[in-house]
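Enquirer: Quick one: sequence and predicted model below, then my questions.
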Amino acid sequence: MKQVGIIGWRGMVGSVLLQRMIEENDFKDISAHFFSTSNSGSLGPVIDGVEFILKDAYAIHALAEMDIIITCQGGDYTKDIYPALLEHGWDGYWIDAASALRMDDRACIILDPVNRAIIDRAVNAGVKLFVGGNCSITLSLMGLAGLIQSNLIEWMSVMTYQSASGAGAQYVRELIAQSYYLSGKLSPDELENSGSVLPLVNKVSALINSEGMPTENFGAPLMGSIIPWIDSDLGDGNSREEWKGEAETNKILGLAERTIPVNGLCVRVGVIRCHSAAITLKLKRDVSESEFQALVTRSHPWVNYVPNNKAASMSQLTPAHISGSLSVGVGRYKKMSLNHEPIYSVLTVGDQLLWGAAEPLRRMLNILLKRI
Ligand code: NAP
């Protein structure tokens with residue numbers, strides 16, 4: 001049995017990874033070892049009645065005993081440990097959720113429903129570094145795989161609405177704490193629907209900007225607001241999250257020569273789980289709604305096409321409905337009235353912790369287990 005090390009198992013991505021591996025019975029085919037950067041020697045997860053004691057995630061000799069390492073710990077950990085392991089002579093497989101090594105020449109970005117042929121070629125060529133893609137890009141590509149495979153996209157503008165859990169466990173706790181802080185300052189009388197609502201709106205607006213509002217992690221209020229910047233500032237008007245859009249899309253699709261231009265704005269919204277993206281698509285020709293539906297639903301089993309009407313959109317195309325589901329919602333498809341060009345809008349909504357993070361990692365593990 002292959003020795004598989006799992007790091008970051010209690011974080012946002014790692015806990016969903018563990019849940020999915022248990023659901024799919026993945027632990028029966030591996031000898032699992034759990035590591036921690038903060039709590040080695042303590043009791044880790046209990047799986048099928050087996051108690052795992054946590055190993056030290058910084059102990060290179062212990063990591064080097066693994067055939068495969070899956071890490072959801074974050075970029076700083078990857079930058080520290082991966083080079084040290086290689087230096088130590090380790091030649092196992094590294095499967096990573098962090099962005100640190102995605103654009104590294106040695107790395108293959110994994111999203112098998114979209115780029116399985118590229119993954120298979122990489123395994124055959126001896127690639128040992130497999131990295132999950134950026135969550136927003138991954139979900140948009142899952143939703144639009146049928147258009148991509150038919151080579152119909154000329155360019156894309158992607159406006160994202162990204163959830164708090166996309167930033168990690170501490171951040172989603174902070175969003176909930178912000179909500180708790182605001183509710184705790186209001187009396188039932190103030191919420192009564194009588195008289196002018198303005199005093200209530202003014203009080204909550206002041207509370208959102210008050211010193212007591214917990215903003216230690218995000219650095220700004222998110223409850224009742226948005227944060228129009230995600231990841232670092234590249235200094236050219238783009239955030240690093242926005243830069244990833246084009247770079248990763250084209251790497252995932254293996255389009256070195258004829259790249260698809262992708263640009264947009266990435267915005268954090270007060271959603272608990274699920275990233276949405278309002279995408280403007282310039283297509284190479286007109287594509288009717290029925291053809292679009294056929295293309296996106298035939299490409300793989302994890303797309304739910306939502307007809308472009310109010311009732312269906314409000315019930316099926318929301319983070320509240322899609323959270324926890326492997327199905328990516330694709331809807332609001334309509335032609336835009338821009339010079340009669342084949343320019344369309346579409347909204348994708350998907351669980352960024354599943355297809356946007358954990359699912360490609362566990363599927364890569366299973367691809368490797370069948371091949372090595
Ligand atoms: P996270 O929730 O912050 O977890 C990362 C680590 O933080 C945990 O493994 C844990 O390590 C430590 N930690 C400290 N305090 C914690 C607490 N109160 N609860 C849980 N863990 C705590 O990060 P993440 O969102 O899972 O992201 C991990 C990596 O995946 C990042 O590189 C991220 O960019 C990437 N990613 C995230 C998403 C997403 O939707 N969140 C999507 C795609 C990719 P120890 O147990 O060792 O202390």
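Expert: In hand now; what should we look at? Residues are numbered from 1 along each chain as shown.
Enquirer: And the residue of the stretch 101-250 of the chain closest to the ligand?
Expert: Among all residues of the stretch 101-250 of the chain, G168 sits closest to the ligand, at 3.0 Å; criterion: CB to the nearest ligand atom. For glycine as for every other residue, the C-beta is placed from the backbone atoms N, C-alpha and C.
Enquirer: ok, that residue - contacts?
Expert: By CB atoms under 8 Å, 6 or more residues apart in numbering, the contact set of G168 is G11, M12, G74.
Enquirer: Just name the closest of those residues to the ligand, please.
Expert: Nearest to the ligand among the contacts of G168: G11, at 2.2 Å, using CB to the nearest ligand atom.
Enquirer: Touching, that closest one and Q73? I think so.
Expert: Yes. Between G11 and Q73 a contact is recorded at 7.0 Å, counting by CB atoms under 8 Å.
Enquirer: who's more crowded, the two?
Expert: Taking other CB atoms under 10 Å, G11 and Q73 do not tie; Q73 has more neighbours (24 against 17).
Enquirer: hang on, the earlier thing: just the contacts of G168 that are near the ligand?
Expert: Taking CB under 6 Å from any ligand atom as the test, the ligand is in contact with G11, M12, G74 out of those.
Enquirer: could you dump the residues you listed to TSV with pLDDT, secondary structure and distance to A122?
Expert: Listed next are those as TSV, based on pLDDT from 0 to 100; DSSP: H, G, I helix; E, B strand; the rest coil; distance: CB to CB, whole Å:
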residue	pLDDT	secondary structure	distance to A122
G11	97	coil	26
M12	97	helix	27
G74	98	coil	23
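Enquirer: name the helices or strands packed onto the one helix or strand I109 maps to?
Expert: Take DSSP states H and E as the rule and I109 turns out to sit in strand 107-110. Strand 107-110 is packed against helix 112-124, strand 129-132, helix 240-253, helix 359-371, with contacts defined by 3 or more CB pairs under 8 Å, 6 or more residues apart in numbering; DSSP states H and E.
Enquirer: Measure how the first one sits relative to helix 359-371, angle-wise.
Expert: The reference is to helix 112-124. Angle, helix 112-124 to helix 359-371, by axes from the mean of the first three to the mean of the last three CA atoms, to 10 degrees: 40 degrees.
Enquirer: what's helix 112-124 packed up against?
Expert: strand 107-110, helix 135-149, helix 240-253, helix 359-371.
Enquirer: what sits up against it?
Expert: With contact meaning CB under 8 Å, 6+ apart, helix 112-124 is reached by 108-110, 130, 141-142, 145, 148, 252-254, 299-300, 302, 360, 363-364, 367-368, 371-372.
Enquirer: quick one, it and helix 240-253 angle?
Expert: Interaxial angle, helix 112-124 versus helix 240-253 (the same axes, to 10 degrees): 70 degrees.
Enquirer: For this protein, what lies in contact range of the ligand?
Expert: Counting by CB under 6 Å from any ligand atom, the chain sits next to the ligand at 8, 10-14, 36-38, 57, 72-75, 97-99, 135, 165-166, 168-170, 352-353, 356-357.
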